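Engineer: quick one: sequence plus predicted model below, questions after.
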Amino acid sequence: MNDKEWESEIAKIPVETNVISSANILSISAGTTAIQQGDAGCGGRTLISIEDEGSTSWAVRVIPCHSQPYIVGDAEDPCSLKRIEILLGGNTEADTIAEALEFAAKTIREALNKQGINQSPPVVGSMDNSVGEGGVSDWAGGVVVTASSGEGSSSMTLKVNILPKDSAS
């Protein structure tokens with residue numbers, strides 16, 4: 001698959017995006033069209049995209065089947081890697097990647113908890129393409145702000161979870 005084909009595939013997938021802010025800032029977008037009743041040949045695709053929005057130190061090791069592994073980015077350099085994208089094909093791939101990410105999150109949170117490290121970032125935002133009239137309302141643990149620039153145009157909902165200062169301990 002070339003870059004143009006990649007962009008064409010991911011453009012078909014509706015995604016939701018979360019922005020997670022702490023000492024670094026990451027955004028994660030995820031979505032699927034996998035309810036196509038079959039394997040990758042039936043057209044179902046799942047996308048996970050993680051982007052550095054500020055000061056994220058990370059690297060990715062890619063291990064192809066028929067060539068040598070290679071590393072992209074530098075875990076010591078917060079400016080070395082901008083975004084990673086993962087595209088999967090098929091229904092079961094959507095299900096298994098969701099389960100795998102849930103396992104990874106649980107494992108990392110448990111390790112952080114054992115070390116006494118606060119695993120909840122101070123601010124979590126969620127953006128989607130919801131259409132709304134605009135306004136501010138309460139949401140469990142934070143505030144929801146909905147903005148719309150008029151009929152027929154796109155709008156954005158931003159959910160911000162603001163934790164009390166003393167909850168970081």
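Structural biologist: Noted; the coordinates are in hand.
Engineer: could I get the full set of strands for this protein?
Structural biologist: Using DSSP state E, the strands assigned to the chain run over residues 16-21, 25-32, 45-54, 58-62, 70-74, 83-89, 123-128, 135-139, 142-148, 155-162.
Engineer: give me the domain ranges for this protein.
Structural biologist: Domains of the chain are assigned by automatic domain parsing as 3-120, 122-169.
Engineer: worst mean pLDDT among the ones you listed?
Structural biologist: Mean pLDDT is lowest for domain 122-169 among the domains of the chain, at a mean of 43.
Engineer: distance of residue 44 from residue 92?
Structural biologist: Residue 44 is 9 Å from residue 92, where distance means Cβ to Cβ, to the nearest Å. Backbone N, C-alpha and C define where each C-beta goes, glycine included.
Engineer: same thing with residue 1?
Structural biologist: In terms of Cβ to Cβ, residue 1 sits 20 Å off from residue 92.
Engineer: residue 99 now?
Structural biologist: Residue 99 is 10 Å from residue 92, by Cβ to Cβ.
Engineer: the more surrounded of the two?
Structural biologist: Using other Cβ atoms under 10 Å as the criterion, residue 99 and residue 92 rank with residue 92 on top: 13 against 10.
Engineer: have a look at the chain and report its longest helix.
Structural biologist: Looking across the chain with DSSP state H, the single longest helix is helix 91-114.
Engineer: look up how far residue 62 lies from the closest residue to residue 63 other than its chain neighbours.
Structural biologist: Nearest non-adjacent residue to residue 63, counting by Cβ to Cβ, 6 or more residues apart in numbering: residue 69, 4.4 Å away. Distance, residue 69 to residue 62, using Cβ to Cβ: 7 Å.
Engineer: so for the two, which sits in the more crowded spot?
Structural biologist: Per other Cβ under 10 Å, whichever of residue 69 and residue 62 has more neighbours is residue 62, with 11 against 8.
Engineer: surely the more buried one and residue 70 touch.
Structural biologist: Yes: applying Cβ atoms under 8 Å as the test, residue 62 and residue 70 come out as touching, 5.6 Å apart.
Engineer: give me the number of residues near the nearest residue to residue 15 once chain neighbours are set aside?
Structural biologist: Leaving aside its sequence neighbours, residue 15 sits nearest to residue 31 (Cβ to Cβ, 6+ apart; 3.5 Å). Neighbours of residue 31 under the rule other Cβ under 10 Å: 18.
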